[in-house]
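K.L.:
My questions concern the predicted model and sequence given below.
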Amino acid sequence: MSERDADLQLVRRVQHGDKRAFELLVEKYQRRISRLLSRMIREPADVEDVAQEAFIKAYRALPGFRGESAFYTWLYRIAINTAKNHFAAQGRRAPTVVANDIEDQESGDDAVFLSDTATPDSVYQSKQVGLAVNRAIEQLPEDLRTAIVLRELEGLSYDEIAAAMNCPVGTVRSRIFRAREAIALELRPLLGTTDEKRW
């Protein structure tokens, strides 16, 4: 049974009044949703609040879920919209944080720090690249930022991103291309690449 089919079975159980089935879906996707939101929201308490609100909205909307997209794609769309609403209510734009966060490095998620051959120079260079990527992503318009986070950090396919962002696949491809170009522009001085070469 595929993951999509397993999720659909749980959804059908929820739609028939089985609250434990929804708890299973929350347990399965809570970490992924929190990780997605932490790329958009800096305050851990806000991440937790927005994640909880997204799951509440999903629970309330589940009676109308028809299975046209994968459950997690549908859930991601709800989480993204909930984050947008969170920032709109505060009158500010969503910031983004990516892979080379200090917390990631301290928890050992950064491969550079796990390498026996890492030199102080390579560690410093890697950190500078990470900071440049962070800056570039933070400066992206919200639609480009969301697309690149879903693709590069969450590993969603173009079709899944299109479903999550409620737009055509061609628009997703364009947004990701433009986001990558903006990131490349920020990285060129650090990597010593020319305008003709992206990385």
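P.N.:
That came in fine, so what should we check first?

K.L.:
Report the residue ranges of every domain in this structure.
P.N.:
For the chain, automatic domain parsing gives the domain ranges 1-96, 99-199.

K.L.:
Let me see the mean pLDDT of the shortest one.
P.N.:
The pLDDT scores in domain 1-96 average 87.

K.L.:
Which residues are in contact with the residue nearest the centre of the chain?
P.N.:
With distances taken as CA atoms, centre = their mean, the residue of the chain nearest its centroid is residue 36 (3.5 Å). Shown in contact with residue 36 (CB atoms under 8 Å, 6 or more residues apart in numbering): 76, 79-80, 149-150, 153-154. (Each C-beta comes from the backbone N, C-alpha and C, glycine too.)

K.L.:
Would you mind measuring from residue 47 to residue 34?
P.N.:
Distance, residue 47 to residue 34, by CB to CB, to the nearest Å: 6 Å.

K.L.:
neighbour-wise, which of the two wins?
P.N.:
residue 47 (21 against 18; other CB atoms under 10 Å).

K.L.:
Spell out the secondary structure type for the more buried one.
P.N.:
Following DSSP: H, G, I helix; E, B strand; the rest coil, the label given to residue 47 is helix.

K.L.:
just checking, it touches residue 39?
P.N.:
No: counting by CB atoms under 8 Å, residue 47 does not reach residue 39; the two are 9.5 Å apart.

K.L.:
pull the CA atoms of the helix or strand residue 161 falls within into CSV?
P.N.:
Residue 161 is located in helix 158-165, with elements delineated by DSSP states H and E. Extracted as CSV, the C-alpha positions of helix 158-165 are listed here (Å, rounded to 0.1, in the frame of the first residue of the first chain):
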residue,chain,number,x,y,z
TYR,A,158,6.8,20.1,-9.1
ASP,A,159,3.3,18.6,-9.2
GLU,A,160,3.1,18.5,-5.4
ILE,A,161,4.3,22.1,-5.1
ALA,A,162,1.7,23.2,-7.7
ALA,A,163,-1.0,21.5,-5.7
ALA,A,164,0.2,23.0,-2.4
MET,A,165,0.5,26.5,-3.9
